[in-house]
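Novice: Sequence isn't available, so here's the structure alone:
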Ligand SMILES: Nc1ncnc2c1ncn2[C@@H]1O[C@H](COP(=O)(O)OP(=O)(O)OP(=O)(O)O)[C@@H](O)[C@H]1O
Ligand SMILES: [Mg+2]
C-alpha cells in the first residue's frame, strides 16, 4: 500500500518534472473548429496556433468567420466540432481564460458605471490583484486618463473602444485577443494601438489581432492567418507569405544572351524598356550578380529597382485565386 | 470560493444598476404616493368608525380588505419592477454586447445568472418588505389594526416576487428583453384572474371552474403565495364577518392559509425554472 503510494508519488514527480521541462504550451491552440448557423456554415475546419509572445494577424473578407472563430476560442460561441486550448488549458474550463484579455468587435460596457468602475469590475471578475494606480495607468495608456470618473454612457464610440482596450489589458493578460481594435479610432488612436501591440510583444504577451487595416497588421504581426469562407486560405510568417521579391530593371541593348540570363533568374515580364524579374526568396547576392552579368553581356543598365509584394497584394491574390477556383469548379460541375 | 465571489460581485452590480438606472427612485416615488393615499383612506375609515356608524367587526373587515388591496398594489409594483428589470438585465446585455466582455472573463455562465438572480431577489424582496412594513405601520397608526402574521405575510409577498422574476429570467434567456417582461407580467395577471375565477367557482360549488384556479396556482405559484400572504394580513374575524364560504369569491380576502406542501412546491418550482434558465443560457451563442 505505502510502497504503491510512494511509487505513484515518484511517477507524479517524474511527470511534473517532464512537464516543467517542456516549452510552455502555445497561447492558443485550436483544431478542426466548425460552426453552422442554421443553413450557413460560418466556420468549416479551422485550426490555428498562436505561440507565447507571438503576434498573429487574422485576416479575411467580411463574413469569413473571423469573429466566429474568436468567439469559439473564448467560449462565447459553442463550436459544433473541434478542440480549443488556451494557455495550455482546455477552454471548456473557464479558468483557462484567467489570463486572457478580450476586446470584442461589438464593444459595449455598462453605461451606468464609470470607466474606473468598469475596470474594477473586470479586475474582480478576473481574480487578479491590480492596484488602483495600475488601473489608472492602463486608462492613461489608452488615452482616457482624464475621463476616468465619467459614466460610460456618455462616452463617444471611439472612447468606448479605448475603454475596451483598457479592459482587455488591465488584468495582466498573457494572451490578448483584439477583434478589429481600431474600427472606431482616429489616426492617433490607431498609432496608439500599434504601439500597445508592439509593447505587448516586447513583454512576451501573445496577441491575436483581427483587422481590416492590412498596413497595421503588416507592421506588428509575426504571422498571419487568412480566412476565407470559414476555411484557412493561407497562413505563415510574413516572410513566407511575402517571400517573393521582384526586381525592376530599365535596360537597352538587350541581346539574346542577356535575355536568357534574365530568364534564368526567374519569370520575366517586359514593358518597353522595363523588365520585371521575380526573384527567389532571400538571395542577397542575386541582384549584384545579375547586374554584373547583364553588363558583361552588353546590356545598358539605366535603373535597378527592388520591389516587394505588399501584404495587401498578396491577400487580394489569395482571395481572388480562391474565388476563381470556386467559380471554375462550380462551372465544371454544372 | 471564487464562484461565490463572482456571484456576489454580479449581485452587487445588479443592485447598483437598479439604483443608478433610477428604478429605485421610481419605486420609492410610487410607494410614497400609495402609502400617502392609503393613509388618507384609513384615516377616513377611522373617522367613520369614530362616529360609531361602523361596528368594530366591520372596521376590522374594512381594514383587512383595504390592507390587502394596498398590498396587492405593492406586489404589482414589485412584480412589474422586477420583471422589467430582469428582462433587460440579461437579454439586453447579450443583445448590446455587454455580456461579451463579461463572459470572456474566467467565470461560469451559471454564476453570472445566479448573481443576477440573487441581486434581483434582494432588490424585489427588499422593496416588498420595506414598503409592506411601512404600510402596516400606517394602518396601525390610523386605525389601530395590526395584522396577525405580518412577518410570514411579508415573506410570502417576497416569495411571490421571487417566483415572478425567476420566470422573467428564464424568458429573457430565450426571447427579447421587452417580450420577456411583457410575457412575465401577462402570466402574472392571468394566474391572478384564474385564481379569482377559481374562487367564484368554489363559492358556486362548480368544481370544473374551481379547478381553473387550482391548476393555474400550480403552474405559476404567484397567486397561491399571494393568497397565503393575504391570509397573514387579514383579521381572522374578517372572514366570518364577510360571510364565511362566500368570501372565497372575493379577491381581497383569503379563505385558507397556505399548506406546507404548497410552499415546498413553490420552492421546487423556483429551483426548476432557475435550472431551466441556466441550461438555456449556457447553450446560447453570444
Ligand atoms: N449569430 C449569428 N447568427 C447567424 N449567423 C451568424 C451569426 N454570427 C455570424 N453568422 C454568420 O457567420 C458568418 C461569419 O461571420 P463572422 O462574424 O465570423 O464574420 P467576420 O469574418 O468576423 O466578418 P467581418 O469582417 O464582417 O467582421 C457570416 O456569414 C455570418 O452571417
Ligand atoms: Mg468580425
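Specialist: Cool, the structure landed. Everything numeric here is computed off the predicted structure, so don't read it as measured data. Ligands and ions are numbered 1, 2, ... in the order given.

Novice: any idea how far residue B:273 is from the closest residue to ligand 2 within chain A?
Specialist: Nearest residue of chain A to ligand 2: residue A:67, at 3.1 Å (C-beta to the ion). (Glycine included, C-beta is placed from N, CA and C.) Distance, residue A:67 to residue B:273, using C-beta to C-beta, to the nearest Å: 33 Å.

Novice: who in the stretch 101-250 of chain B is up against chain A?
Specialist: Applying C-beta under 8 Å from any C-beta of the partner chain, we find that the stretch 101-250 of chain B lies next to chain A at B:101-108.

Novice: Going along the chain, name the strands of the stretch 151-300 of chain A.
Specialist: With DSSP state E, counting those that start in this stretch as the definition, the stretch 151-300 of chain A shows strands at residue ranges A:175-179, A:206-210, A:223-228, A:231-237, A:245-252, A:268-271, A:274-279, A:300-308.

Novice: Turn those strands into JSON lines, columns for mean pLDDT, distance to residue A:102 and mean neighbour count.
Specialist: Converted to JSON lines, these look like this (pLDDT from 0 to 100; distance: least, C-beta to C-beta, whole Å; neighbours: other C-beta atoms under 10 Å in any protein chain shown):
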{"stretch": "strand A:175-179", "mean pLDDT": "96", "distance to residue A:102": "5", "mean neighbour count": "26"}
{"stretch": "strand A:206-210", "mean pLDDT": "95", "distance to residue A:102": "10", "mean neighbour count": "26"}
{"stretch": "strand A:223-228", "mean pLDDT": "92", "distance to residue A:102": "18", "mean neighbour count": "23"}
{"stretch": "strand A:231-237", "mean pLDDT": "89", "distance to residue A:102": "22", "mean neighbour count": "17"}
{"stretch": "strand A:245-252", "mean pLDDT": "85", "distance to residue A:102": "37", "mean neighbour count": "17"}
{"stretch": "strand A:268-271", "mean pLDDT": "86", "distance to residue A:102": "46", "mean neighbour count": "12"}
{"stretch": "strand A:274-279", "mean pLDDT": "84", "distance to residue A:102": "41", "mean neighbour count": "18"}
{"stretch": "strand A:300-308", "mean pLDDT": "84", "distance to residue A:102": "34", "mean neighbour count": "12"}
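
Novice: nearest to residue B:73, of the ones you listed?
Specialist: Comparison of those against residue B:73 by C-beta to C-beta identifies strand A:175-179 as nearest, at 48.0 Å.

Novice: Low-confidence stretches in the chain?
Specialist: As the question left the chain open, I've gone with chain A. For chain A, applying pLDDT under 70 flags the ranges A:1-7, A:18-22, A:243-244, A:281-284, A:330-334.

Novice: Actually, chain B is the one I wanted.
Specialist: Checking chain B against pLDDT under 70 turns up B:1, B:49-56, B:240-249, B:255.

Novice: longest helix anywhere in it?
Specialist: Ordering each helix of chain B by length in residues (DSSP state H) puts helix B:109-143 first.

Novice: Was I right to think residue B:221 contacts residue B:267?
Specialist: No. Taking contacts as C-beta atoms under 8 Å, residue B:221 lies outside contact range of residue B:267: 9.2 Å.

Novice: And the two? Which one has more around it.
Specialist: Neighbour totals were compared for residue B:221 and residue B:267, and residue B:221 leads with 27 against 14 (other C-beta atoms under 10 Å in any protein chain shown).

Novice: Can you name the residues of chain B that neighbour ligand 1?
Specialist: Taking C-beta under 6 Å from any ligand atom as the measure of proximity, chain B contacts ligand 1 at residue B:285.

Novice: Just the closest residue of chain B to ligand 1, please.
Specialist: Using C-beta to the nearest ligand atom, the closest approach of chain B to ligand 1 is made by residue B:285 at 5.9 Å.

Novice: distance of the closest residue in space to that residue that isn't next to it in sequence from residue A:65?
Specialist: Leaving out its chain neighbours, the residue that sits closest to residue B:285 by C-beta to C-beta, 6 or more residues apart in numbering or on different chains is residue A:77, at 4.5 Å. Separation of residue A:77 from residue A:65 (C-beta to C-beta) stands at 11 Å.

Novice: what do these two both touch?
Specialist: Common contact partners of residue A:77 and residue A:65 (C-beta atoms under 8 Å, 6 or more residues apart in numbering or on different chains): residue A:35.

Novice: Give me the number of neighbouring residues for residue A:199.
Specialist: Neighbour count for residue A:199, taken as other C-beta under 10 Å: 12.

Novice: How about residue B:236, nearest residue that isn't a chain neighbour?
Specialist: Closest residue to residue B:236 apart from its sequence neighbours, by C-beta to C-beta, 6+ apart: residue B:148 at 6.4 Å.

Novice: what's near enough to touch the one you found?
Specialist: So residue B:148 contacts B:232, B:234-236 (C-beta under 8 Å, 6+ apart).

Novice: same check, this time on residue B:220
Specialist: Taking C-beta under 8 Å, 6+ apart as the contact definition, residue B:220 lies against B:163, B:167, B:187-188, B:191.

Novice: From the contacts of residue B:148, pick the one nearest residue A:313.
Specialist: Using C-beta to C-beta, residue B:232 comes nearest to residue A:313 of these, at 78.6 Å.

Novice: got the angle between the helix or strand encompassing that closest one and helix B:109-143?
Specialist: Taking DSSP states H and E as the definition, residue B:232 sits inside helix B:222-233. Angle of helix B:222-233 versus helix B:109-143, following axes from the mean of the first three to the mean of the last three C-alpha atoms, to 10 degrees, is 30 degrees.

Novice: who does helix B:222-233 touch, helix- and strand-wise?
Specialist: helix B:56-87, helix B:150-174, helix B:177-204, helix B:207-219, helix B:260-283 (3 or more C-beta pairs under 8 Å, 6 or more residues apart in numbering or on different chains; DSSP states H and E).

Novice: and residue A:58, how far is that from ligand 1?
Specialist: Separation of residue A:58 from ligand 1 (C-beta to the nearest ligand atom, to the nearest Å) stands at 8 Å.

Novice: any idea how far that residue is from residue A:210?
Specialist: Using C-beta to C-beta, we find residue A:58 at a distance of 4 Å from residue A:210.

Novice: Same check on residue A:302?
Specialist: Per C-beta to C-beta, residue A:302 is found 44 Å from residue A:210.

Novice: just to revisit the earlier point, quick one: what helix or strand has the residue of chain A closest to ligand 2 in it?
Specialist: Assigned by DSSP H and E, residue A:67 belongs to helix A:66-73.

Novice: With residue A:140 instead?
Specialist: Using DSSP H and E, residue A:140 sits in helix A:132-141.
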